[in-house]
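[1] Sequence plus predicted model, see below.
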Amino acid sequence: MFTALSLVLCVTAVWWCSTGAILLLVRRPRHGRAAVLAVATVVLCAAALALHWSSRLTTIGGSCLAFAAAVLVWGWIELSFLLGAITGPRVAGCEPACSGWRHLRHAIEAILYHELVTIAAALLVTALTWRAPNATGLWTFMILWGMRISAKLNLFLGVPNTGEAMLPPHLRYLGGYFRRRALNALLPVSLGGAALLCALLGNAAWEAPAWDYRAAGLTLLATLSGLGLIEHLMLLLPMPADAPWKALRTAPVLHTKPGPAT
């Protein structure tokens, strides 16, 4: 019980800290973004190696390492997007009259490269963990990917709280693809699916042998699904989406010496 609680608290801390770190890093001046992405890419390479190695470890530590490695891989994907390095061929919002399939096509064009890179990363993660006994890293990435796809679709279809404040200034045009409305047909499905996944994983973790790497991995995944559920619930709440990280958002931007623009 103590181990499970520790894992839940650790995942929650990782979620809060990693999201806050990304929000802080993407607010750096334009000339500092290349350095941030370069360092993040080095971390990505190390995370890929750790993911491959940990997938062969059948220990609680192996499950924790696999989870952390997958989160770092996902963090690079999110960071490269929010820095504006990998987005899409369209770098502007739609005209007010744009709607229907044309509006959808423009939305896809705005994030096309990002989505292709995410698919490539998913294939890489799958290859690195192929037929390995510890699949915690693989499923961590897949849950993060699934939750992000669901969130993007819900933002496009319309939710009460679009969370545009979380977009850095250079990506504010993406807010033009968000729709503000009371509810859309997909959101209840997303909430129900996230809740069901959390319950199933939590139950599997409860039934798994104690002090086993599978129980640890399932606990990590169940907690991650629960946090995904919370993120979807925040789309409904009348509060800033970045409220848990508001202090970071209002912190002064760090300035560095000018360098080559990216």
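    Thanks, I have the structure now. Numbering: from 1, shown residues only.

[2] which residue packs closest to the most centrally placed residue in the chain, ignoring adjacent ones?
    Residue closest to the mean C-alpha point of the chain, counted by Cα atoms, centre = their mean, is Leu144 at 5.4 Å. Distances taken as Cβ to Cβ, 6 or more residues apart in numbering place Trp74 nearest to Leu144, at 4.7 Å, with adjacent residues excluded. Placement of C-beta: from N, CA and C, glycine included.

[3] check which helix or strand covers that neighbour.
    Assigned by DSSP states H and E, Trp74 belongs to helix 60-82.

[4] for the protein, which spans come out with low pLDDT?
    Counting by pLDDT under 70, the ranges of the chain that qualify are 1-2, 240-262.

[5] if you set the cut-off to 90 instead, what comes out?
    1-5, 15-33, 93-99, 163-167, 169, 208-212, 237-262 (pLDDT under 90).

[6] rewinding a little: in the helix holding Trp74, which residues are buried?
    For helix 60-82, burial by neighbour count (16 or more other Cβ atoms under 10 Å) applies to 60, 62-82.

[7] can you list contacts of stretch 143-151?
    The list of residues contacting stretch 143-151 from outside it, by Cβ atoms under 8 Å, 6 or more residues apart in numbering, reads 70-71, 74, 118, 122, 186, 190, 193-194, 197, 221, 224-225, 228, 231-232, 235.

[8] could you dump it to CSV, C-alpha only?
    What follows is stretch 143-151, C-alpha atoms only, in CSV (Å, rounded to 0.1, in the frame of the first residue of the first chain):
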residue,chain,number,x,y,z
ILE,A,143,-1.7,6.7,-23.0
LEU,A,144,-0.1,10.2,-23.2
TRP,A,145,-0.7,10.1,-27.0
GLY,A,146,-4.3,9.0,-26.7
MET,A,147,-5.1,11.6,-24.1
ARG,A,148,-3.5,14.3,-26.2
ILE,A,149,-5.4,13.3,-29.3
SER,A,150,-8.6,13.3,-27.3
ALA,A,151,-7.9,16.8,-25.9
